[in-house]
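1. What follows is a predicted protein model with its sequence.
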Amino acid sequence: MLRSDRWSEETRDGYWTDLVLTGQQTVMRPASAVAAVTVTSLRVDRGGREVIPDLSTKLRAGQITGLLGPSGCGKSTLMRVLVGVQRTHGGVVEVLGLPAGSPPLRRRVGYVTQAPSVYSDLTVKENLRFFAGVLGVDRGSVENALETVGLTGEADDVVGQLSGGQRSRASLAVALLGAPDMLILDEPTVGLDPVLRRQLWSTFSDLASAGTTLLVSSHVMDEAAHCDRLLLMRDGVLVADDEPRALLAQTQTSDIESAFLALVERDGGGGTR
Amino acid sequence: MKPAVTLAITRRVLLQLRRDHRTLALMLLVPCLLLTLLWWMFDRDELTFDRVGPPLLAMFPFIVMFLVTSVTTLRERSSGTLERLLSMPMHKLDFLVGYALAFGAVALVQALLAVGLTVGLLGLDIAGPLWALALVAVADAVLGAALGLFVSAFAETEFQAVQFMPALVIPQILLCGLFVPRDLLPDGLDLASDLLPLSYAVDAMQRLQATAGLSADFWSDIAVVTGFVVTTIGLGAATLKRRTA
């Protein structure tokens, strides 16, 4: 049984703290020893400013890693680095055993930007067929992706006429084409209604159980509930890199938001670094 | 480069244009209306219409495709779809050639309409074969598209992209031989005219009008325009960066 299915029986979306405290949280996916991503001493400057000074981490294969932090903390920049579209200024980044952005990775890594990057003057299906053509995957993959994001009914609607949430799901569907080994999703659940959000997290959970490695960013701390592992980021620095339960235990807090605050205070108060 | 990917891009651009009825109508009909206006202006002076008609047939596809391409590509850059495509197994030339093919196809339709109208209905006198007239128009349109793709890299907004037209297109119109024959231009300007691609397209049109066959000079004009297209697409490819700051 998938973890999120079980949760949906027991609790409403977002109410994960109680579960942790009562010890009901069970990580169904064992921590894999294989690192899907290895980042060593990464440095990124943007516009003459150091956005990420020195970052190292590992993402485990077949897990959902949550990248949480306030907006502007460098989440998107880190994701762009992993996809290989961001210029870097130091460090080594390996994705699935290859340097980030190397040509063989271009069909193995699916990427969803924060703003939906689909053509607003085409229908959902036309968008998917186009990107499927570029990736060289078959039409069946289009139907699967539509079904996964729940847009089968809107397949023939022009993207520009859809709601914001439907548009970001269309963008997500493009990333699912060809079943990539790794998915990098920048705030995929922003602006979605809770029911849909839970459905999507359930989908992510299914994908992870099937072996896909996911990195999902969010500025909403309660999304941590759905992740196997968390990276908490602030001002380009990782303030935590651990399992949710371990974070709570370590900071003696009951929710991730408090844990985040406790870690920031411990690391030198509320001021910027 | 893979033909399947290039054609996927071409098909998608054409699909987008098909959705946008207004743009399509403007692209195809405005040149026809302007040529009709010109014919009417020179109603009492057929010789002038015969003189300015062919250069204008070369100019319209160039201008229209430049505008449409620079704005469309800029939109692709700013909407994130270009970044997404570049993170996929797509060669940069797939993107550029895909666009050039799509707009080339539209240009062909535009040229057929414009040539059909001017020669068939408005009585423009052309000595050379009509298909060659369409060939020049298409080469010219692709040139405009290539230049538009290139400048879109230097514009941050659609507003800026449109402002590149007076900067890059109007000088070519002034110096192409329409207002002052190219060999009568003052020293320096004749050289500038020799360096601009539109001059060769207009030369080719004028040769078609004057002589019945296809001269070697005609083909060398076409070769020069093609050379500019290839160079500009190459420059355009250099402006598409997978990794950005």
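-> Yep, that arrived.
2. Would you mind finding the longest helix in chain A?
-> Longest helix in chain A by number of residues (criterion: DSSP state H): helix A:194-209.
3. I'd like the next helix or strand past that one.
-> Going down the chain from helix A:194-209, the next helix or strand is strand A:213-218, by DSSP states H and E.
4. who's in contact with residue 82?
-> All of this refers to chain A. For residue A:82, the contacting residues are A:37, A:39, A:93, A:95, A:100, A:109, A:184, A:215, by Cβ atoms under 8 Å, 6 or more residues apart in numbering or on different chains. C-beta coordinates here come from the backbone N, C-alpha and C atoms, glycine included.
5. should've been chain B
-> Residue B:82 touches B:73, B:76, B:95, B:240, counting by Cβ under 8 Å, 6+ apart.
6. now the residue nearest to residue A:212 when sequence neighbours are not counted: how far from residue A:224?
-> Excluding the flanking residues, the one nearest residue A:212 by Cβ to Cβ, 6 or more residues apart in numbering or on different chains is residue A:183, at 5.9 Å. Look at residue A:183 and residue A:224: by Cβ to Cβ, to the nearest Å, they are 18 Å apart.
7. residue ranges with poor pLDDT in the chain?
-> Just so you know, I chose chain A. Low-confidence segments of chain A, defined by pLDDT under 70: A:1-33, A:268-273.
8. and it, which of its residues are near chain B?
-> A:45-47, A:83-87, A:101, A:103, A:106-107, A:109, A:111, A:113, A:115-122, A:126, A:130-131, A:133-136, A:158, A:174 (Cβ under 8 Å from any Cβ of the partner chain).
9. All the helices of chain B, residue numbers only.
-> Residue ranges of the helices in chain B, as given by DSSP H, are B:3-19, B:21-41, B:46-79, B:81-86, B:92-115, B:130-151, B:158-168, B:170-175, B:189-195, B:197-210, B:216-239.
10. from the contacts of residue B:82, which is closest to residue B:188?
-> residue B:73 (33.3 Å; Cβ to Cβ).
11. Please verify my assumption that that closest one contacts residue B:148.
-> Yes: counting by Cβ atoms under 8 Å, residue B:148 is a contact partner of residue B:73 at 6.8 Å.
12. out of those two, which sits in the busier spot?
-> residue B:148 (30 against 26; other Cβ atoms under 10 Å in any protein chain shown).
13. and the more buried one, what is it in contact with?
-> Listed by Cβ under 8 Å, 6+ apart, the contact partners of residue B:148 are B:65-71, B:73.
14. about what we covered before: in terms of distance to chain A, which of the contacts of residue B:82 ranks first?
-> residue B:76 (8.6 Å; Cβ to the nearest Cβ).
15. How about the residues of chain B by chain A?
-> Checking chain B against chain A by Cβ under 8 Å from any Cβ, the hits are B:2, B:4-5, B:7-9, B:11-12, B:15-16, B:19-20, B:79-81, B:83-90, B:94, B:242-245.
16. Spell out for me the PyMOL command that would select the buried members of those residues.
-> To isolate the buried members of those in PyMOL, using 16 or more other Cβ atoms under 10 Å in any protein chain shown:
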select buried, chain B and resi 5+7+8+9+11+12+15+16+19+79+80+81+83+84+85+86+87+88+89+90+94+242
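17. Confirm that residue A:44 sits in a strand.
-> Yes: assessed with DSSP: H, G, I helix; E, B strand; the rest coil, residue A:44 lies in a strand.
18. What's opposite it in the beta bridge?
-> Beta-bridge partners of residue A:44, counted by DSSP bridges, are residue A:52.
19. neighbouring contacts of the helix or strand hosting residue A:148?
-> Counting by DSSP H and E, the element that carries residue A:148 is helix A:139-149. Identification of contacts with helix A:139-149 by Cβ under 8 Å, 6+ apart yields A:124-125, A:128-129, A:132, A:152, A:155, A:169-170, A:172-174, A:176-179, A:200, A:203.
20. Okay, buried residues for that helix please.
-> Under 16+ other Cβ under 10 Å, the buried positions of helix A:139-149 are A:141-142, A:144-146, A:148-149.
21. Of those residues, which pair is most distant in space?
-> A:141 and A:149 (12.9 Å).
22. what are the ranges of the helices in the stretch 51-200 of chain A?
-> Assigned helices in the stretch 51-200 of chain A, in chain order: A:75-83, A:124-135, A:139-149, A:164-176, A:194-209 (criterion: DSSP state H, counting those that start in this stretch).
23. so what's residue B:58 up against?
-> With Cβ under 8 Å, 6+ apart as the criterion, the residues that contact residue B:58 are B:136-137, B:140, B:176, B:198, B:201-202, B:204-205.
24. Next: residue A:119.
-> Contacts of residue A:119 (Cβ under 8 Å, 6+ apart): A:126-127, A:130, A:159, B:12, B:16, B:79, B:81.
25. switch the cut-off to 7 Å
-> Residues counted as contacts of residue A:119 (Cβ atoms under 7 Å, 6 or more residues apart in numbering or on different chains) are A:127, A:159, B:16, B:81.
26. Please name the bridge partners of the most centrally placed residue in chain A.
-> The centre of chain A sits closest to residue A:216, judged by Cα atoms, centre = their mean, with a distance of 1.0 Å. When assigned by DSSP bridges, residue A:216 has beta-bridge partners residue A:66, residue A:185.
27. Would you confirm that it contacts residue A:185?
-> Yes: between residue A:216 and residue A:185 there is a contact under Cβ atoms under 7 Å: 4.8 Å.
28. okay if I get the contacts of residue B:58 as a markdown table plus distance to residue A:256, pLDDT and neighbour count?
-> As requested, these are arranged in a markdown table below (distance: Cβ to Cβ, whole Å; pLDDT from 0 to 100; neighbours: other Cβ atoms under 10 Å in any protein chain shown):
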| residue | distance to residue A:256 | pLDDT | neighbour count |
| --- | --- | --- | --- |
| B:136 | 66 | 90 | 28 |
| B:137 | 63 | 86 | 27 |
| B:140 | 61 | 88 | 29 |
| B:176 | 66 | 91 | 24 |
| B:198 | 62 | 93 | 28 |
| B:201 | 64 | 92 | 31 |
| B:202 | 68 | 92 | 29 |
| B:204 | 69 | 92 | 30 |
| B:205 | 70 | 90 | 28 |
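29. I'd like to know which of the residues you listed is nearest to residue B:117.
-> Distances from residue B:117 to the contacts of residue B:58, taken by Cβ to Cβ, are shortest for residue B:137, at 12.5 Å.
30. Leaving out sequence neighbours, find the closest residue to the closest one.
-> In this structure, residue B:137 finds its nearest non-sequential neighbour in residue B:111, 3.3 Å apart by Cβ to Cβ, 6+ apart.
31. Over to residue A:116?
-> residue A:171 (3.8 Å).
32. mind checking how far that neighbour is from residue A:187?
-> Taking Cβ to Cβ, one finds residue A:171 at 11 Å from residue A:187.
33. who's more crowded, the two?
-> residue A:171 (26 against 22).
34. ok, the more buried one - contacts?
-> Contacts of residue A:171 by Cβ under 7 Å, 6+ apart are A:112, A:116-118.
35. would you list the helices of chain B in CSV and tack on distance to residue A:228?
-> Shown next, in CSV, are the helices of chain B (distance: least, Cβ to Cβ, whole Å):
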stretch, distance to residue A:228
helix B:3-19, 36
helix B:21-41, 48
helix B:46-79, 33
helix B:81-86, 27
helix B:92-115, 37
helix B:130-151, 44
helix B:158-168, 43
helix B:170-175, 60
helix B:189-195, 62
helix B:197-210, 58
helix B:216-239, 41
